[in-house]
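Colleague: sharing a model prediction with you, sequence too.
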Amino acid sequence: PKEIFLKDYKKPDYLFDTVDLEFQLGDEKTMVTSKIAVSPGNEGNSSPLTLHGCDLKLLSIKINGTELKSDKYTVDPRHLTILTPPAGVFNMEIVTEIYPQLNTSLEGLYRSTGNFCTQCEAEGFRKITYFQDRPDVMAKYTCRIEGDKTLYPVLLSNGNLIEQGDLEGGKHYALWEDPFKKPCYLFALVAGQLECREDSFVTCSGRKVTLRIWTPAQDLPKTSHAMYSLKEAMKWDEEVFGLEYDLDLFNIVVVPDFNMGAMENKSLNVFQSRLVLASPEAATDGDYAAILGVIGHEYFHNWTGNRVTCRDWFQLTLKEGLTVFRDQEFSSDLGCRTVKRIADVSKLRSYQFPQDAGPMAHPIRPLSYIKMDNFYTVTVYEKGAEVVRMYKTMFGASGFRKGMDLYFQRHDGQAVTCEDFYAAMCDANNAHLPNFLQWYSQAGTPTVKVTSSYDEGSQAFSLKLSQEVPPTPGQPMKEPMFIPVAVGLVDSTGKDMPLTSIYSDGMVQTLSNDGHPIFTTVLQFKKKEEEFIFKNVPERPVPSLLRGYSAPIRLDSDLTESDLYFLLANDSDEFNRWEAGQILARKLMFSLVADFQQQKTLALNTKFVDGLRAILQSTSLDKEFIAKAITLPGQGEIMDMMSIADPDAVHAVRTFIKKELAFQLKDDLLAAVTSNRSSEAYAFDHDSVARRALKNTCLAYLASLNEPDVTELALNEYKSATNMTEQFAALAALSQNPGQVREDALLDFYNKWQQDYLVVSKWFALQATSDIPGNVVNVQKLLAHPAFDMRNPNKVYSLIGGFCGSPVSFHAKDGSGYKFLGEVVLQLDKINPQVASRMVSAFSRWRRYDETRQALAKAQLEMIISANGLSENVYEIALKSLA
Ligand code: B3K
Ligand code: ZN
């Protein structure tokens, strides 16, 4: 396998101006004709024209209408090279044959439940036809699709439908034209038996856009929330960024078999079913929120990704980090900002921090890859979004908007780099951000240490900051980075102090906002060590640091426990209230883990219980915020912070705290469950979601007691639930404890929902993530369950992915969890390398565990890497994990 490096980037030798595709869809084979207008990329270019291709049968090549003799080109399993292309502009016609029905990789053209569908990002277009498959080759496309009218009544591609009609032999055709230049990864084709929900949106300039969501007929009723989400996204992008949709038609297609969540193909987005289909009975609030976010995300790509795209795949975060940031903001504006921020930061901590600290650590712009598909990561996406967020933190909403405007003004229709985005942001704000670009090139999560001191005599409050970016594979030494640290000072009554001036770097800066006092300032921390001194501070404050989580770092401050309890109760920054509680919980968990390891009796600190009780009893706090604030940090997050991760200890401690809290707060928890019931019809609005979130969180606590009265209560909730959010939460509560009640409830649920494969996936995930003893065997059995299908990524992510995400069973000390995964990865790799590679990643952090576990996990990785015919996808992850 060949490694590809960012530093080797070269412009393409040839440009493609127009691409006219023709598909003859058939049950056994599909014929693809591609006519390309080629022009030289550089003056006087005469180099061979190398095209990518994979799993293609070449039927013919013509240059300027003449068939090319076989000595004029070479073909290998990955390329077709035209040895001496004509000088200047020429036409090229290539005919290939492909076999979508045999394509289980779900990349290129494939079949899903009988329909045809494509996925081209990152490098799937080469499985359709020979092409310069790289994002900086942008062309205008037409696409003519021909197929059986009964089998494939609907024929879709990008852009506008300009012609359609019947053909002989029961066939028909459709001709699509996309007026916008695009890279081939945004090409899409869908054909099959689908029906649509149609609606429309009138844009800010008064154009009426037809919106269609295509699904199998029986699912149409479940598309209303997706349609609502799409219209909200279109409106939001106009209001917040001034971005208007640019065609008269926007299609979304639902496909059960899809590797990723969804894909932003120009005007023809493709989604996996669970991110479109929802009804109150069968989808949870979490599903509704995910649909809103992902529909928004793919729609927002129309500007950030499609109109302005990436020069090369190393720049992926240019479109993904930015678009994740945009979807996060969209969801915040439609829901509750603090709660959304908490969810996003939790995700970063649970998944991205471990990646950044392991063998797969890479900068948000990777320096090299073997398979690009392996770099659609939480680092590129979520950390990338944090980097975009930092521009907004520094320049404010209006400065950020100016930067975005300039970015589009400069680069519409281009394939560009992360530096281009940085330059637009800085130029629009007349700013220079020293060391900020390091965020794009250095991997690893920086740790920032903060020590504070107060001098009563001079009324000065000092914060001394130092930063450390840890070594990561290939990057032993790191430079300091530009880190925006948002800070407020809280006085002894719990109020924010007005901030008047600050001294740093030999300069005094006066702080005010047009004469109004300010309460939060953003420190621009850009050296290894720096001191910031606040002036005119009348009493010793408690600093509220990194408000809103203003940078993706680990913060290590000298705040005392009593400072943290004070912030938990008083901080005006709600995010930091939650954060104070989390820091306290982490400290508590660490000290109990130590006790557990030394076989001491575990006991819960009463201050902690009182702190959570106060939050739980609050009538002023948002209910969803309360639910988040009483939730303990995840096991993964704690293990990630230990020198040797100990899954048994962390699990035992987390279970102990949960139970103990449930015991001590039982009355409050019961009250929260009963007072948050509602008989109203399901609504996905913030108040209802928040009410259910609090009720369900409390029910989960109570169920951990495993006492007859709470089991009775949970059973009751399960039976009386009128929506999936509450029904599933009750099922999850009941299934915490092994025994007959659990078995009966799981069986009852399956019997109720076996016709709905999306609900069945949840049922798989619930069991897969369970930490009941001996769960490896249960999951193994579920692999053979008639509803499970290794070819469906969603089911694999639910069952196998879920299992790997649950520390106890996956890390079973006898190695049974590792062995299970090792076998499954090899099986999966034959079917779908992208999915297999996502699963094998669960092994990557094997060095974090004790020696016994290390040896067992390593043996599986070695077994995998030595297997015959391994895909490059799995090979790259296994290789890096073992390095
Ligand atoms: N851009 C796609 C990801 C495609 C991944 C291909 N391996 C989805 C998204 O981020 O919007
Ligand atoms: Zn995206």
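Modeller: Thanks, I have it. Numbers count the residues shown, from 1 in each chain. Ligands and ions are numbered 1, 2, ... in the order given.
Colleague: helix or strand for S643, which one?
Modeller: Taking DSSP states H and E as the definition, S643 sits outside all helices and strands.
Colleague: quick check: phi and psi on E637?
Modeller: Backbone torsions of E637, given as degrees, to the nearest 10, read phi -60, psi -40.
Colleague: so it versus L592, what's the distance?
Modeller: With distances taken as C-beta to C-beta, to the nearest Å, E637 is found 15 Å from L592. For every residue, glycine as well, the C-beta is placed using N, CA and C.
Colleague: any idea which residue of the stretch 51-200 of the chain lies closest to ligand 2?
Modeller: Here the stretch 51-200 of the chain gets closest to ligand 2 at one residue, E121, 9.0 Å apart by C-beta to the ion.
Colleague: what's the neighbour count on that residue?
Modeller: When neighbours are defined as other C-beta atoms under 10 Å, E121 has 26 of them.
Colleague: burial measure for the nearest residue to it once chain neighbours are set aside, as a count.
Modeller: Setting aside the residues directly before and after it, E121 is nearest to Y185 in space (C-beta to C-beta, 6 or more residues apart in numbering), at 4.1 Å. Neighbours of Y185 under the rule other C-beta under 10 Å: 23.
Colleague: looks to me like Y185 is in a strand.
Modeller: No. Checked against DSSP: H, G, I helix; E, B strand; the rest coil, Y185 lies outside a strand; its state is helix.
Colleague: quick one: pLDDT of it?
Modeller: If you check Y185, the pLDDT there is 99.
Colleague: okay, A787 and V760: tell me how far apart.
Modeller: Taking C-beta to C-beta, one finds A787 at 5 Å from V760.
Colleague: any weak-confidence spans in the chain?
Modeller: Applying pLDDT under 70 to the chain picks out residues 44.
Colleague: quickly list the domain ranges of it.
Modeller: 4-193, 309-441, 447-552, 574-882 (automatic domain parsing).
Colleague: deepest-packed of those domains, please.
Modeller: domain 309-441 (a mean of 20; mean count of other C-beta atoms under 10 Å).
Colleague: so which residues of the stretch 651-800 of the chain form helices?
Modeller: 666-675, 686-703, 708-720, 724-734, 740-753, 757-768, 775-783, 793-796 (DSSP state H, counting those that start in this stretch).
Colleague: now these in JSON lines, with distance to ligand 2?
Modeller: Shown next, in JSON lines, are these (distance: least, C-beta to the ion, whole Å):
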{"stretch": "helix 666-675", "distance to ligand 2": "37"}
{"stretch": "helix 686-703", "distance to ligand 2": "24"}
{"stretch": "helix 708-720", "distance to ligand 2": "36"}
{"stretch": "helix 724-734", "distance to ligand 2": "26"}
{"stretch": "helix 740-753", "distance to ligand 2": "30"}
{"stretch": "helix 757-768", "distance to ligand 2": "22"}
{"stretch": "helix 775-783", "distance to ligand 2": "31"}
{"stretch": "helix 793-796", "distance to ligand 2": "17"}
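Colleague: on that earlier part again, shared neighbours, A787 and V760?
Modeller: Common neighbours of A787 and V760, using C-beta atoms under 8 Å, 6 or more residues apart in numbering, are Q754.
Colleague: any chance of the helices of the stretch 651-800 of the chain in TSV, with distance to V450 too?
Modeller: Formatted as TSV, these follow (distance: least, C-beta to C-beta, whole Å):
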stretch	distance to V450
helix 666-675	34
helix 686-703	31
helix 708-720	42
helix 724-734	39
helix 740-753	46
helix 757-768	39
helix 775-783	42
helix 793-796	43
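Colleague: ok, now which ones touch the closest residue to ligand 1 within the stretch 701-850 of the chain?
Modeller: Closest approach between the stretch 701-850 of the chain and ligand 1, counting by C-beta to the nearest ligand atom: Q834, at 6.2 Å. For Q834, the contacting residues are S105, L106, E107, N259, D373, N873, by C-beta under 8 Å, 6+ apart.
Colleague: these also near ligand 2: which ones?
Modeller: With C-beta under 5 Å from the ion as the criterion, those include none near ligand 2.
Colleague: quickly check these for the two that are furthest apart.
Modeller: L106 and N873 (12.6 Å; C-beta to C-beta).
Colleague: and V689, how far from L861?
Modeller: 41 Å.
Colleague: what of D573?
Modeller: 43 Å.
Colleague: and the residue of the stretch 401-550 of the chain found nearest ligand 1, what does it touch?
Modeller: Proximity of the stretch 401-550 of the chain to ligand 1 (C-beta to the nearest ligand atom) peaks at A415, 14.9 Å away. Counting by C-beta under 8 Å, 6+ apart, A415 touches P135, D136, M138, P183, T309, C310, R311.
Colleague: now the residues you listed in TSV, with secondary structure?
Modeller: Formatted as TSV, the contacts of A415 follow (three-state DSSP):
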residue	secondary structure
P135	coil
D136	coil
M138	strand
P183	strand
T309	strand
C310	strand
R311	coil
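Colleague: which among those are in contact with ligand 2?
Modeller: Checking the contacts of A415 against ligand 2 (C-beta under 5 Å from the ion), there are no matches.
Colleague: which one of those residues sits closest to A733?
Modeller: Of these, the one sitting nearest to A733 (C-beta to C-beta) turns out to be C310, at 44.6 Å.
Colleague: the closest one against P135, yeah?
Modeller: Yes. The criterion here is C-beta atoms under 8 Å, and C310 meets it with P135 at 5.0 Å.
Colleague: longest helix in the protein, please.
Modeller: Assignment by DSSP state H gives helix 384-411 as the longest helix of the chain.
Colleague: quick one, helices of the stretch 401-550 of the chain?
Modeller: 418-428, 438-441.
Colleague: ligand 2 is nearest to which of these?
Modeller: helix 418-428 (15.2 Å).
Colleague: the inter-axis angle of the closest one versus helix 384-411?
Modeller: 70 degrees (axes from the mean of the first three to the mean of the last three C-alpha atoms, to 10 degrees).
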